[in-house]
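Engineer: Make a model of this:
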Amino acid sequence: MERSMENFKSNSRYPDWSMLPKKILEHLWKLLTIPDQAIASSVCKKWHSSTSNKANIWAPDIPWLITDIEDTSPHYSLFSISLQKIYKMEKPFLPLDNTFIVGSCKGWLVIRSEVEIFILNLFSKVRIDLPLRASQQHLLNSTPTVFTMSMCADLNPIIVAGVTFDGGLVWCNISDKEWKVYIGDEEYGNLAFYNDKLYAINHDGDKIDVFRIEDDELIPKGSMYATFPTTSPISDNFDIYLVESKGSLLVVKRHFEISSILGQTINFEIFKVQERIDDVSPHQLVKMESLEDQVLFVSGLYCESLPAKHCSMLQEDHIYFIGHHAKDDKCELGIFSVNEGSMHRVPLTDSTLNYPYWLCPRYAFACNCKYHDSTVLKRISDYETNV
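Structural biologist: Modelled structure (predicted):
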């Protein structure tokens, strides 16, 4: 430590900032938000190493909005709500024709082109390739439209599961060469990992199937049949989400005026899943009148819950969502108060923000857990080195 400080002071007029001791750098990172850390990491290799390889850096931040200007653009557009400013971030891969963001989950982007599918942690520049083929068909022709991921303790993906365009259920381990397809009659609309199990809800929202992945097989563990405890239907047009929030599994219904494509969002309903405690008691959906100290972020078919204390400037017990502005066919940022049932809309007038996704700014780190073998770790390491 003392020698490092001596090296740093050796040229007092023009100090070598790359010689700052590692412990001081790590202390500085704890004072910065993750986007600021990403900017600082570009100063030199040592600063980049301090952010890329140090796990458990405390840096909560408000999710950003991310969108593609065009598929072949070398940059992403990211909008900071807290700073009310749009930034450009270079894509750490060669953009090809028809390469688009198709999802965002727990800080990872899901990106698909005609020749590849991969997940990307934009801030760590970590990429993990996913299969393009399914085990029971030549190509994965029915594209997954909703994704969820199970994570290890270091927040690296273990299993990726998805709902296809036609309501099918697929999944794979991150080292698999093919997607596995679940054969069943149900058409699903959303899914989430919760308590080491996979929960998938059908399009109508009245049935939740529960699975456990054992010995590389998706094993059904039962179903929940429940009637939504609402006194009168708000709208027959809705999207439905499953999301873990503060240790509970929630069902979120987003109601539209006309349809999810053409209509504005008019209301939200939130229900807590209460699993039966024995073989006799029924499953229940209990309507929630408050999110308490949580905040929900909704974009497209994705929903994520974060503690309000990690989202300075945002209000607890609120839902922040991307919606459709019916008058001028543009996107809008909506803010819904769960307790009051009121809604506030903010038009996104910038043309570069075309139906963006929420992106939680989180780092990914190489780990040595039992789920990530040397092949996966090598892929992460090589990618970070070459970018």
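
Engineer: Poorly predicted segments of the stretch 251-387 of the chain, please.
Structural biologist: Confidence mapping of the stretch 251-387 of the chain against pLDDT under 70 gives the ranges 259-262, 276-283, 324-330, 348-353, 365-366, 372-387.

Engineer: which residues in it form helices?
Structural biologist: Here the stretch 251-387 of the chain has its helices, by DSSP state H, counting those that start in this stretch, at 374-386.

Engineer: Okay, strands next: where are they in it?
Structural biologist: According to DSSP state E, counting those that start in this stretch, the stretch 251-387 of the chain carries its strands in the segments 265-274, 284-287, 294-299, 302-307, 318-325, 330-337, 343-347, 357-359.

Engineer: Make CSV from the ones you listed and add distance to D129 and mean neighbour count to it.
Structural biologist: Quick note: C-beta positions are derived from backbone N, CA and C, even for glycine. Converted to CSV, those look like this (distance: least, C-beta to C-beta, whole Å; neighbours: other C-beta atoms under 10 Å):
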stretch, distance to D129, mean neighbour count
strand 265-274, 33, 19
strand 284-287, 38, 16
strand 294-299, 24, 24
strand 302-307, 21, 20
strand 318-325, 28, 22
strand 330-337, 30, 19
strand 343-347, 37, 13
strand 357-359, 20, 24
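
Engineer: Dump those strands to TSV, plus distance to L94.
Structural biologist: As requested, these are arranged in TSV below (distance: least, C-beta to C-beta, whole Å):
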stretch	distance to L94
strand 265-274	36
strand 284-287	46
strand 294-299	26
strand 302-307	26
strand 318-325	28
strand 330-337	28
strand 343-347	34
strand 357-359	21
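
Engineer: out of those strands, which comes closest to S73?
Structural biologist: Closest approach to S73 among the strands of the stretch 251-387 of the chain (C-beta to C-beta): strand 357-359, 15.8 Å.

Engineer: The closest one pairs with which strands?
Structural biologist: Strand 357-359 pairs in its sheet with strand 64-68 (antiparallel), by DSSP bridges.

Engineer: C-terminal to the partner strand, what's the next element?
Structural biologist: The helix or strand immediately downstream of strand 64-68 is strand 75-80, counting by DSSP states H and E.

Engineer: Sheet-wise, list the partners of that following strand with their directions.
Structural biologist: In the sheet, strand 75-80 lines up against strand 64-68 (antiparallel), strand 85-90 (antiparallel) (DSSP bridges).

Engineer: D204: which of those is closest?
Structural biologist: That would be strand 64-68 among these, by C-beta to C-beta, at 30.2 Å.

Engineer: what's the average pLDDT for that closest one?
Structural biologist: For strand 64-68, mean pLDDT is 85.

Engineer: One more: stretch 74-83?
Structural biologist: Mean pLDDT, computed over stretch 74-83, is 82.

Engineer: same question, stretch 116-132
Structural biologist: In this model, stretch 116-132 has a mean pLDDT of 86.

Engineer: Pull out the buried residues from it.
Structural biologist: Using 16 or more other C-beta atoms under 10 Å as the test for burial, stretch 116-132 gives 117-128, 130-132.

Engineer: Is D154 in a helix, a strand, or coil?
Structural biologist: Three-state assignment for D154 (DSSP: H, G, I helix; E, B strand; the rest coil): coil.
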